[in-house]
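1. Starting from these lines, generate the structure:
(4 chains)
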2 protein chains.
Amino acid sequence: MLLYRPFENRLNNALSKHQLYRAQWSIMYYLNNDASVTLVELSHYLGVEKPTVTRTIAKLEEMGFLEPVPTKDKREKRMQLTDTGRKVYQEVRAAIDEFEQEILRGISEEEQLEGIRLMSEIRKNLMQGEL
Amino acid sequence: MLLYRPFENRLNNALSKHQLYRAQWSIMYYLNNDASVTLVELSHYLGVEKPTVTRTIAKLEEMGFLEPVPTKDKREKRMQLTDTGRKVYQEVRAAIDEFEQEILRGISEEEQLEGIRLMSEIRKNLMQGEL
DNA sequence: GAGTAATAGTTATCGAGAGTAACTAATTAT
DNA sequence: ATAATTAGTTACTCTCGATAACTATTACTC
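-> Okay, here's the model as predicted:
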């Protein structure tokens, strides 16, 4: 199976230093410092229902890591990282990069790239089946 | 990230036909038709605490998919698939194999094997970091 | 071999994070 | 102008993870 708990446990561990949880991180990760997103966009990207996103976003906003950006369409709620959010992103990112190095030790650059290519291929196939 | 919700959603979908959930399936999958396991063994394999296993096992037993096998050590609770359990295993397995074929389409046998090798390499690294 | 350690499992309680159903408000299409 | 669609929210439910504190059995130690 692709899902592997010990990996999740390690991730949780890296996040716990900042009181973050996986679902929250996946949103900060998607924003990747600069971008902004709507809830629907996130819901598609994450493959999760809207109420789930609403809740997670609300928590991140309350924690001061996310803030709304104004938009023409008044239905939309578009969000971006705050300054603190960006700082935390950087720190967590570094911690995760570190443990990723660790679990990839003994695996050549080439093999890693091949692996990433494979995963995105699978992802593409997955997305097609979603319609 | 290695974890990818749409994949989990597809898996859930394959399982839902038999009223199964992922945590339950992961145990049936580990048993792989024949073997038997103790809770501690599962707890290590799954990377999950004992109470979690207790609950999941209890549900599977109640559903009639798992049964205890007698053992010398009276502390142990060793479990195996029942006949119904084995039947369900086969059916679900077939469904999962099918959708795995689907999401692997366009990826050569070689690449798949290379991918599997990579994953188990990562897994090995992960396990070492667990001590 | 008696007494202490360790091990296997359970119970109770908590929290994250997913889902569905039913809703409001805003925008688009007819 | 009205109907349909879209974005998001609220309320509620469920799975599945964790911890703490416990019992029963087995293994270790002196």
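2. Could you use CA atoms for every contact and neighbour count after this?
-> Fine.
3. Could you find the closest non-adjacent residue to the residue positioned nearest the centre of chain A?
-> Closest residue to the average C-alpha location of chain A: A:Ser26 at 2.1 Å, with C-alpha atoms, centre = their mean. Using C-alpha to C-alpha, 6 or more residues apart in numbering or on different chains and skipping residues adjacent in sequence, the residue nearest A:Ser26 is A:Leu46, 7.9 Å away.
4. Could you check how far the one you found is from A:Lys87?
-> 23 Å (C-alpha to C-alpha, to the nearest Å).
5. More neighbours: which of those two?
-> Neighbour totals were compared for A:Leu46 and A:Lys87, and A:Leu46 leads with 17 against 14 (other C-alpha atoms under 10 Å in any protein chain shown).
6. Wait, the more buried one touches B:Glu8, no?
-> No - using C-alpha atoms under 8 Å, A:Leu46 is not in contact with B:Glu8; the gap is 11.1 Å.
7. remind me which residues of chain A are low pLDDT?
-> A:1-3, A:129-131 (pLDDT under 70).
8. Now do the strands in it.
-> Assigned by DSSP state E, chain A shows strands spanning A:36-38, A:66-69, A:78-81.
9. Switch those over to JSON lines; also include distance to DNA strand D and mean neighbour count.
-> JSON lines is the format used below for the strands of chain A (distance: least, C-alpha to the nearest atom of the strand, whole Å; neighbours: other C-alpha atoms under 10 Å in any protein chain shown):
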{"stretch": "strand A:36-38", "distance to DNA strand D": "4", "mean neighbour count": "17"}
{"stretch": "strand A:66-69", "distance to DNA strand D": "10", "mean neighbour count": "18"}
{"stretch": "strand A:78-81", "distance to DNA strand D": "5", "mean neighbour count": "22"}
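10. Out of those strands, which is closest to B:Val53?
-> In terms of C-alpha to C-alpha, the element of those nearest to B:Val53 is strand A:66-69, at 36.4 Å.
11. Is DNA strand C within reach of that closest one?
-> No - Strand A:66-69 does not reach DNA strand C (C-alpha under 7 Å from any atom of the strand); its nearest approach is 14.0 Å.
12. Run me through the strand neighbours of that strand, direction for each.
-> strand A:78-81 (antiparallel) (DSSP bridges).
13. got the CA positions of the strand it pairs with in CSV?
-> The C-alpha trace of strand A:78-81 is given here as CSV (Å, rounded to 0.1, in the frame of the first residue of the first chain):
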residue,chain,number,x,y,z
ARG,A,78,-9.6,33.5,-0.9
MET,A,79,-6.8,32.9,1.6
GLN,A,80,-3.1,33.4,1.8
LEU,A,81,-0.3,32.9,4.4
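14. what does chain A put close to DNA strand C?
-> Residues of chain A lying near DNA strand C (C-alpha under 7 Å from any atom of the strand): A:21-24, A:47-53, A:56, A:72-75.
15. if I pick A:Gly106, what's in contact with it?
-> Taking C-alpha atoms under 8 Å, 6 or more residues apart in numbering or on different chains, we find A:Gly106 in contact with no residue.
16. gap between it and A:Asn9?
-> For A:Gly106, the distance to A:Asn9 equals 21 Å [C-alpha to C-alpha].
17. repeat for A:Gln112
-> Noted for A:Gln112: a distance of 22 Å to A:Asn9, by C-alpha to C-alpha.
18. I figured A:Val69 hits A:Glu76, correct?
-> No - the criterion here is C-alpha under 8 Å, and A:Val69 misses it with A:Glu76 at 9.9 Å.
19. Write out the residues of chain A neighbouring chain B.
-> Proximity of chain A to chain B (C-alpha under 8 Å from any C-alpha of the partner chain) is limited to residues A:2-7, A:9, A:46-48, A:102-105, A:107, A:111, A:115, A:118, A:121-123, A:125-127.
20. go with 6 Å
-> For chain A, the residues in contact with chain B (C-alpha under 6 Å from any C-alpha of the partner chain) are A:Leu3, A:Arg5, A:Pro6, A:Gly47, A:Ile103, A:Leu104, A:Ile122, A:Asn125, A:Leu126.
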